[in-house]
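**Student:** Here is a sequence with its predicted model. Questions after.
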Amino acid sequence: MESWGAAYIAGIIDGEGSITLTRMHENENRRPCITVASTDKELLVYIRSLTDGTINSKKNYNPERHKDSYTLTIKKKDSVVTLLKKISPYLRVDKKRKRALWILENYEKVTPRNGKYNSLLLTKKIAFEDNFFRI
């Protein structure tokens, strides 16, 4: 991805997106996730072509008053980390930049490759999540 593309995506995430930790399943630990909501599906398709992810549509209960809306969700760990590395220098919203850097600096340290946690690593993982949400 070119630097101008990374800067463009960073601007979209600054304005309409979120960088968070989410659970994919009820009994799992949280993992990084990037989402962008928009009524412009073409924009989300373009971003997906540069990155990865899935686009979901939201049910429009009042089409006379509201446009259809869509959400791009990027939740594969490698895709999220790769994207954060590319866009973090261009993020301007302080909270989002700090969250991106926190994930890049700490997520791998508290997440074992096999997904099995001992008590010490689980304590570190919970502390990582708590500190993330304090940002």
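**Tutor:** Looks like it arrived, so ask away.
**Student:** How far does stretch 9-18 sit from its chain's centre?
**Tutor:** Here the centre of stretch 9-18 is set off from its chain's centre by 10 Å, with CA atoms, centre = their mean, to the nearest Å.
**Student:** Give me the buried positions along it.
**Tutor:** Buried residues in stretch 9-18, counted by 16 or more other CB atoms under 10 Å: 9, 10, 11, 12, 13, 14, 16, 17. Glycine gets a C-beta too; all of them are placed from N, C-alpha and C.
**Student:** How about the contacts made by the first one?
**Tutor:** For residue 9, the residues meeting the contact criterion (CB atoms under 8 Å, 6 or more residues apart in numbering) are 47, 50, 51, 83, 86, 87.
**Student:** Can you flag which of the buried residues of stretch 9-18 belong to helices?
**Tutor:** Members of the buried residues of stretch 9-18 lying in helices (criterion: DSSP state H): 9, 10, 11, 12, 13, 14, 16.
**Student:** now the first one: how far from residue 38?
**Tutor:** Taking CB to CB, to the nearest Å as the measure, residue 9 and residue 38 are separated by 13 Å.
**Student:** Excluding sequence neighbours, find me the nearest residue to residue 40.
**Tutor:** residue 70 (8.0 Å; CB to CB, 6 or more residues apart in numbering).
**Student:** quick one on the thing from earlier: could I have the PyMOL command that selects the buried members from the contacts of residue 9?
**Tutor:** Buried residues within those, by 16+ other CB under 10 Å, are selected in PyMOL with:
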select buried, resi 47+51+83+86+87
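**Student:** Thanks again, I'm all set now.
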